[in-house]
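Colleague: Build me a model from this:
(chains A and B)
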2 protein chains.
Amino acid sequence: MANPFHQHLNELNDLLVDMARRVGAAMEQATAALLEGDTVAAEAVVAGDQEVNALQFKVDDRIIALMTQYDAVASDLRFVLGAVRISVDLERMGDLAKHVAKSVLLRAPVAVIPDSLRLDFAAMGAAAVRISEKLVGILRDHDELQAAQMGLDDDELDAVQDRIHAQLPTLGYGPQTAVDVALLARFYERFGDHAVRVSHQVVYAVTGDVHLDRS
Amino acid sequence: MANPFHQHLNELNDLLVDMARRVGAAMEQATAALLEGDTVAAEAVVAGDQEVNALQFKVDDRIIALMTQYDAVASDLRFVLGAVRISVDLERMGDLAKHVAKSVLLRAPVAVIPDSLRLDFAAMGAAAVRISEKLVGILRDHDELQAAQMGLDDDELDAVQDRIHAQLPTLGYGPQTAVDVALLARFYERFGDHAVRVSHQVVYAVTGDVHLDRS
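Modeller: As a prediction, the model looks like this:
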């Protein structure tokens, strides 16, 4: 990507990479807050989400500048459309990290999750962070092969959520805890789903192959 | 909008109106399936979601054709960016209707929601349908004033969800029912949130005023 237009596309892509880094870090911090009942960390996640939202506006402005400044060909436009969708999914991933943090603040000083599920949520948090790190690589390198693998990485989040939801009736928790746990598990599962959508958008942007993109 | 470019923008907008009509009808049918335990209706909602997804691909193709065919100015591009985001939110609203339908199928022949919550979910379903009808009007007429009101219409969905989540610990349901109910209420609440995002995107597309757009 040598010419000015593609230089600007690279800068647009850098904004997406920055968003992916931030939402991954936010979910990591939100998980620590969840496991440790750390309200300071939770507040930081909530506050930091504004910066992710601001980056999405920057993406829009950059795209409008690009489109008004240059005549783009279809493949460039496919990348640009993908960039819009990717920024939407990344912004949503930031929201989901914020939801985890807010549930910590909502129940504090009481722990949101029972001790017996700490390992499951630690596993979901670790999987979410791994997915985020892969996502940064996929966005930076446009690695289609890695992107095609993201669905597999996401399976662990689905599996843990399914296990938690299946166990809930038998674990003897009250309805409030059951609901908190079910929603928290869903936030992590959705985080993974959006990461998979982003990786599919990268494939779309690079190859125009969209059939993976929506379920 | 007289010239060929704006004629094509209108056709793009028609695709979004069609998506909004379909997701509203899907949530209406999903709610009927939920309240009546109608698995045939639920299956129809699940099957129909594919058509909504297909419309989103049409939106992409139309946008790429538009951008390659014409030199657009910033205000047109703002509309196009809004159209991409709107199609993402509408597609997601279709998914949420599908989630409601799938939860009916998952528990059939047992009812997913207890009788004591039928009225609450009937209210959420009715609010979701009203919001969808407003959304069709907003997309068709680009009525900023109506769009600015969507947030208020959404409040009822939030209120019912909050009431349901708050009551759950006291209603004596088992954890499985509590989880099903909590997730179902969330599907309706999210449906409303996406409708509000779409209405904000219309404001963005028409005025460039984005500060309403993300939370």
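
Colleague: if I look at A:Gln146, how far off is chain B?
Modeller: To chain B, A:Gln146 is 23 Å away according to CB to the nearest CB, to the nearest Å. The way it works is simple: take the backbone N, C-alpha and C, and place the C-beta from them, glycine included.

Colleague: should've said A:Ala122
Modeller: Counting by CB to the nearest CB, the gap from A:Ala122 to chain B is 21 Å.

Colleague: Can you give me the neighbour number for that residue?
Modeller: 16 (other CB atoms under 10 Å in any protein chain shown).

Colleague: out of everything not next to it in sequence, what's closest to it?
Modeller: Counting by CB to CB, 6 or more residues apart in numbering or on different chains, A:Leu35 is the residue found nearest to A:Ala122 once chain neighbours are left out, at 6.0 Å.

Colleague: Check which helix or strand that neighbour maps to.
Modeller: Assigned by DSSP states H and E, A:Leu35 falls within helix A:4-36.

Colleague: Contact residues of chain A facing chain B?
Modeller: A:53, A:56-57, A:60, A:63-64, A:67-68, A:71-74, A:77-78, A:81, A:84-85, A:88, A:91, A:95, A:165, A:168-169, A:171, A:173-176, A:178-179, A:182-183, A:186, A:210, A:214-215 (CB under 8 Å from any CB of the partner chain).

Colleague: How far off centre is stretch A:156-164?
Modeller: From the chain centre to the centre of stretch A:156-164 is a distance of 17 Å (CA atoms, centre = their mean, to the nearest Å).

Colleague: and it, which residues are buried?
Modeller: For stretch A:156-164, burial by neighbour count (16 or more other CB atoms under 10 Å in any protein chain shown) applies to A:156-158, A:160-161, A:164.

Colleague: try stretch A:29-40
Modeller: A:29-35, A:37-38.

Colleague: Tell me, how many residues neighbour A:Ala147?
Modeller: With other CB under 10 Å as criterion, A:Ala147 counts 27.

Colleague: er, A:Phe57 actually
Modeller: 15.

Colleague: got it, and A:Met27?
Modeller: 29.

Colleague: next one: A:Gln69
Modeller: A:Gln69 has 11 nearby residues by other CB under 10 Å.

Colleague: hang on, isn't A:Ile86 packed against A:Leu135?
Modeller: No: checked against CB atoms under 8 Å, the pair A:Ile86 and A:Leu135 is beyond contact range at 9.5 Å.

Colleague: Could you tell me which residues touch both of those two?
Modeller: By the contact definition CB atoms under 8 Å, 6 or more residues apart in numbering or on different chains, A:Ile86 and A:Leu135 are jointly contacted by A:Val198.

Colleague: Look up how far B:Asp153 lies from the residue nearest to A:Ala122.
Modeller: Per CB to CB, to the nearest Å, A:Leu35 is found 38 Å from B:Asp153.

Colleague: A:Leu16 too?
Modeller: 33 Å.

Colleague: Quickly find the element holding the most centrally placed residue in chain A.
Modeller: Of all residues in chain A, the one closest to the mean position by CA atoms, centre = their mean is A:Met93, 3.4 Å from it. Using DSSP H and E, A:Met93 maps to helix A:74-107.

Colleague: Which residues belonging to that helix are considered buried?
Modeller: A:76-104.

Colleague: Need the CA coordinates for whichever helix or strand comes after it. PDB is fine.
Modeller: Once helix A:74-107 ends, the next helix or strand along the chain (criterion: DSSP H and E) is helix A:118-141. Output of helix A:118-141 as PDB, limited to C-alpha atoms (Å, rounded to 0.1, in the frame of the first residue of the first chain):
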ATOM      1  CA  ARG A 118     -14.800 -18.200  39.700                       C
ATOM      2  CA  LEU A 119     -12.800 -20.700  37.600                       C
ATOM      3  CA  ASP A 120     -15.400 -20.700  34.800                       C
ATOM      4  CA  PHE A 121     -15.400 -16.900  34.600                       C
ATOM      5  CA  ALA A 122     -11.600 -16.800  34.900                       C
ATOM      6  CA  ALA A 123     -11.600 -19.100  31.900                       C
ATOM      7  CA  MET A 124     -14.000 -17.000  30.000                       C
ATOM      8  CA  GLY A 125     -11.900 -13.900  30.800                       C
ATOM      9  CA  ALA A 126      -8.700 -15.600  29.600                       C
ATOM     10  CA  ALA A 127     -10.400 -16.800  26.400                       C
ATOM     11  CA  ALA A 128     -11.800 -13.300  25.800                       C
ATOM     12  CA  VAL A 129      -8.300 -11.800  26.200                       C
ATOM     13  CA  ARG A 130      -6.700 -14.400  23.900                       C
ATOM     14  CA  ILE A 131      -9.400 -13.700  21.300                       C
ATOM     15  CA  SER A 132      -8.700 -10.000  21.600                       C
ATOM     16  CA  GLU A 133      -5.000 -10.500  21.100                       C
ATOM     17  CA  LYS A 134      -5.600 -12.600  18.000                       C
ATOM     18  CA  LEU A 135      -8.000 -10.000  16.800                       C
ATOM     19  CA  VAL A 136      -5.300  -7.300  17.000                       C
ATOM     20  CA  GLY A 137      -3.000  -9.500  14.900                       C
ATOM     21  CA  ILE A 138      -5.800 -10.200  12.400                       C
ATOM     22  CA  LEU A 139      -6.600  -6.500  12.000                       C
ATOM     23  CA  ARG A 140      -2.900  -5.500  11.800                       C
ATOM     24  CA  ASP A 141      -1.800  -8.200   9.300                       C
END
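
Colleague: and helix A:118-141, average pLDDT?
Modeller: Average pLDDT, helix A:118-141: 93.

Colleague: Which elements pack onto that helix?
Modeller: Contact here means 3 or more CB pairs under 8 Å, 6 or more residues apart in numbering or on different chains; DSSP states H and E; on that basis helix A:118-141 packs against helix A:4-36, helix A:144-167, helix A:175-207.

Colleague: Out of those helices, which is the most enclosed?
Modeller: Of all the helices and strands packed on helix A:118-141, helix A:175-207 carries the top mean neighbour count, a mean of 24, counting by mean count of other CB atoms under 10 Å in any protein chain shown.

Colleague: from the chain's centre, how far out does that one sit?
Modeller: Relative to its parent chain, helix A:175-207 has a centroid offset of 7 Å by CA atoms, centre = their mean.

Colleague: Mind giving me the packing neighbours of it?
Modeller: When contacts are defined as 3+ CB pairs under 8 Å, 6+ apart, helix A:175-207 sits against helix A:4-36, helix A:74-107, helix A:118-141, helix A:144-167, helix B:175-207.

Colleague: Which one, of those, ends up nearest to B:Pro4?
Modeller: Evaluated over these, closeness to B:Pro4 peaks at helix A:74-107, with 18.3 Å, by CB to CB.

Colleague: What distance do you get for A:Lys58 to chain B?
Modeller: 11 Å.

Colleague: which residue packs closest to that residue, ignoring adjacent ones?
Modeller: A:Leu15 (5.6 Å).
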